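Enquirer: Here is a sequence with its predicted model. Questions after.
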Amino acid sequence: MSSFRALMVHRGEDKSISHEMTDLRHDDLPADGDVLVAIKYSTVNYKDGLCLSGKGGLVRNYPHVPGIDFAGEVVSSTDKRYKAGDLVVLTGWRVGEVWWGGYAQFAKVRADWLVPLADGLDCQQAMAIGTAGVTAMLSVLALEDAGITPDRGPVLVTGAAGGVGSLATALLAARGYNVTAVTGRPETADYLRGLGASDILPRAEMLDGGGRPLESESWAGCVDSVGSAILARALAQMQYGGAVATVGLAGGADLPTTVIPFIIRGVSLLGIDSAMAAYDRRVAAWQRLASDLPTAQIAATMSVIGLGEVPAAGADILAGKVKGRLVVDVNA
């Protein structure tokens with residue numbers, strides 16, 4: 001059987017991490033997968049940066065093929081839901097962490113983890129959206145379910161220049177929300193306005209002068225990917241009955257706040273997990289992404305790199321140097 005390329009991560013006896021472009025055979029792939037997929041595109045997410053660097057304890061067994069999401073074409077399937085030629089997308093389910101992932105030309109995975117590629121998207125666009133976009137869309141759906149509509153008032157997006165933040169900004173703006181984007185990188189202001197942000201709020205202003213449990217009611221809703229003091233400040237500034245969808249911890253896993261926003265203003269804190277979201281919810285998110293996210297906005301968030309460029313990109317994303325979405329052409 002012919003070989004294919006993959007990016008392998010190795011850990012030495014001294015726990016040092018190295019990367020190698022290597023050739024694998026199909027029978028090297030996990031034996032208990034249901035569906036063999038010829039991968040067309042993957043992405044670089046923050047979690048990929050952790051897996052590539054050996055940080056966070058996400059990867060337990062080496063050598064390992066990272067890549068937490070991918071889009072491609074079914075080659076073969078023992079599950080009747082999929083057949084050869086079907087285009088599919090995978091996000092989450094600890095693929096790229098405990099299961100070999102998308103930084104290869106082929107992957108063998110469980111059918112339950114896949115969803116059909118939504119009408120109106122191609123594989124490259126799907127990975128320009130990727131895990132970050134699904135997470136952003138699940139956040140928007142959660143805000144809508146909580147009654148946060150455009151007429152309720154402005155919404156806040158923290159970490160707005162990152163993958164989730166970029167796509168949340170674009171999705172909310174496309175739905176008619178007045179979006180204020182929080183970023184610590186002034187050079188991304190024009191980029192964020194291009195995605196639809198009405199206002200740019202420097203991260204320093206969100207960190208300066210906080211600590212009070214309640215402040216002026218500024219935001220009807222919020223998508224937060226930062227956590228810690230930024231999330232606490234957003235909660236203090238929410239309008240009565242507002243809601244915050246929390247999706248990440250780039251600024252820290254702590255939450256230095258009180259119960260006061262919740263019991264005085266009825267603020268809701270909505271936890272968003274895309275890794276193991278139910279199949280129907282994932283399908284609904286992809287369908288909304290295909291219909292709500294303008295093609296120009298998808299292109300605006302995307303840069304395409306080759307498989308050999310992934311290790312450097314992983315270091316950059318951990319250092320906060322990446323703007324928008326990095327799409328990996330595994331066949332380039």
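Expert: Structure's in. What do you need?
Enquirer: And the lowest-mean-pLDDT helix or strand in the chain, what does it pack against?
Expert: Lowest on mean pLDDT, DSSP states H and E among the helices and strands of the chain sits helix 295-300, with a mean of 84. Helix 295-300 makes packing contacts with helix 123-145, helix 163-174, helix 189-195 when contacts are defined by 3 or more CB pairs under 8 Å, 6 or more residues apart in numbering; DSSP states H and E. The C-beta positions use only the backbone N, C-alpha and C, and glycine is treated the same way.
Enquirer: buried residues in the last one?
Expert: Judged by neighbour count (16 or more other CB atoms under 10 Å), helix 189-195 contains these buried residues: 189, 191, 192, 193, 195.
Enquirer: if you compare the helices and strands packed on helix 295-300, which one is most tucked away?
Expert: Comparing the helices and strands packed on helix 295-300 on average neighbours per residue, with mean count of other CB atoms under 10 Å, the densest one is helix 163-174 at a mean of 28.
Enquirer: who touches the next helix or strand after that helix?
Expert: Reading on from helix 163-174 to the C-terminus, the next helix or strand found by DSSP states H and E is strand 179-183. In this structure, residues lying in contact with strand 179-183 by CB atoms under 8 Å, 6 or more residues apart in numbering are 154-161, 165, 169, 172-173, 189, 192, 195-203, 206, 219, 226, 230.
Enquirer: how about 7 Å then?
Expert: Contacts of strand 179-183 from elsewhere in the structure, counted by CB atoms under 7 Å, 6 or more residues apart in numbering, are 154-158, 160-161, 169, 172-173, 192, 196-201, 203, 206.
Enquirer: Separate out the buried members of those residues.
Expert: The neighbour-count test (16+ other CB under 10 Å) applied to the contacts of strand 179-183 identifies 154-158, 160-161, 169, 172-173, 192, 196-197, 200-201, 203, 206 as buried.
Enquirer: Which members of the residues you listed occur in helices, if any?
Expert: Among the buried ones among the contacts of strand 179-183, the members falling in helices (DSSP state H) are 169, 172, 173, 192, 203, 206.
Enquirer: Break the protein down into its structural domains.
Expert: Taking automatic domain parsing as the criterion, the chain consists of the domains 3-117+301-329, 130-271.
Enquirer: List the residues that contact the spatially most central residue of the chain.
Expert: Residue closest to the average C-alpha location in the chain (CA atoms, centre = their mean): residue 132, at 1.8 Å. By CB under 7 Å, 6+ apart, the contact list for residue 132 reads 45, 163, 164, 167, 325.
Enquirer: Skipping its backbone neighbours, what lies nearest it in space?
Expert: residue 163 (3.3 Å; CB to CB, 6 or more residues apart in numbering).
Enquirer: thinking again about what came up before, mind checking how far the residue nearest to the centre of the chain is from residue 220?
Expert: Summarising the geometry, the distance separating residue 132 from residue 220, computed by CB to CB, to the nearest Å, is 23 Å.
Enquirer: So which residues of the stretch 1-150 of the chain form helices?
Expert: In the stretch 1-150 of the chain, the helices defined using DSSP state H, counting those that start in this stretch lie at 46-53, 123-145.
Enquirer: need the ones you listed in a markdown table with mean pLDDT and distance to residue 117, can you?
Expert: As requested, these are arranged in a markdown table below (pLDDT from 0 to 100; distance: least, CB to CB, whole Å):
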| stretch | mean pLDDT | distance to residue 117 |
| --- | --- | --- |
| helix 46-53 | 95 | 21 |
| helix 123-145 | 96 | 6 |
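Enquirer: so which of these gets nearest residue 184?
Expert: Judged by CB to CB, the one of these that comes nearest to residue 184 is helix 46-53, at 15.0 Å.
Enquirer: on contacts alone, who are the packing partners of that closest one?
Expert: Using 3 or more CB pairs under 7 Å, 6 or more residues apart in numbering; DSSP states H and E as the contact criterion, the neighbours of helix 46-53 among helices and strands are helix 310-318.
Enquirer: List the contacts of the next helix or strand after the helix it packs on.
Expert: The helix or strand immediately downstream of helix 310-318 is strand 325-329, counting by DSSP H and E. With CB under 7 Å, 6+ apart as the test, strand 325-329 has contacts from 41-44, 103, 124, 127-128, 130, 132, 163, 166, 301-307, 310, 313.
Enquirer: Direction included, what does strand 325-329 pair against?
Expert: Sheet pairing of strand 325-329 (DSSP bridges) gives strand 35-44 (antiparallel), strand 302-306 (parallel).
Enquirer: Would you mind writing the CA trace of it as CSV?
Expert: Presented in CSV, the C-alpha positions along strand 325-329 are these (Å, rounded to 0.1, in the frame of the first residue of the first chain):
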residue,chain,number,x,y,z
ARG,A,325,-7.2,31.6,10.9
LEU,A,326,-4.3,29.6,9.6
VAL,A,327,-5.4,26.9,7.1
VAL,A,328,-3.1,24.0,6.4
ASP,A,329,-3.0,22.5,2.9
